[in-house]
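> Dropping the sequence and predicted coords here.
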Amino acid sequence: MATSDVLGALRALVNLEIMAVRIYRGQRWRLGRSEITAEALAEAIAVEERHVRELDSRRQELGGSRSMLSPFYAAAGWLIGFIPSLLGQRAALKTGIWVEERAVRDYQRLLDRVPFDDESRALVERNQEDEREHIRMWEESLAKLGRRGA
Ligand SMILES: [Fe+2]
Ligand SMILES: [Fe+2]
């Protein structure tokens, strides 16, 4: 039987991942044709969508209720993605790094405090590693941008 802490953590993570999907969709709306970010954004969106799917199905398997706040996170995410991207790729990439560093910290905070079952813990750890990979990806894109002097 899952504890309410575990269900609460899964619910919170689903919302954060819904926000992540929308952040990158907001960026893509503006930068989807850019040489440096287009492909990386498509890849990031696919990974964040997988995070939403897997966390949400784990929540369902454990009998947790769904969050009523998801639409709020979705809307906030889109704005966090779209608005900085108006300033260009560099601002969008820096937002991406900021968001992913927060995600890594949020995942760690939950890993430290929540008594996850083995399967849920493995999923959370896998996702955290994906977020670390996103930080590397955005830093690389920023470096490429710098080399072009854009
Ligand atoms: Fe994610
Ligand atoms: Fe990510």
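Looks like it came in fine. Predicted model, so just to flag it, every value in this text is computed and none were measured. Ligands and ions are numbered 1, 2, ... in the order given.
> residue contacts, A9?
A9 is in contact with L110, V114, F116, V124, counting by Cβ atoms under 8 Å, 6 or more residues apart in numbering. All C-beta spots, glycine's among them, are computed from the backbone N, C-alpha and C.
> I80 too?
So I80 contacts M19, I23, G26, T95, V99 (Cβ under 8 Å, 6+ apart).
> please redo it, this time with the cut-off set to 7 Å
Contact partners of I80, counting by Cβ atoms under 7 Å, 6 or more residues apart in numbering, are I23, G26, T95.
> Does the last one touch I83 like I think?
No. Taking contacts as Cβ atoms under 7 Å, T95 lies outside contact range of I83: 8.8 Å.
> between the two, who's got more neighbours?
T95 (22 against 15; other Cβ atoms under 10 Å).
> ok, L13 to ligand 2 distance?
Using Cβ to the ion, to the nearest Å, L13 is found at 12 Å from ligand 2.
> Just the element for the residue nearest the centre of the chain, please.
Closest residue to the average C-alpha location of the chain: A20 at 3.5 Å, with Cα atoms, centre = their mean. In this assignment (DSSP states H and E), A20 forms part of helix 4-31.
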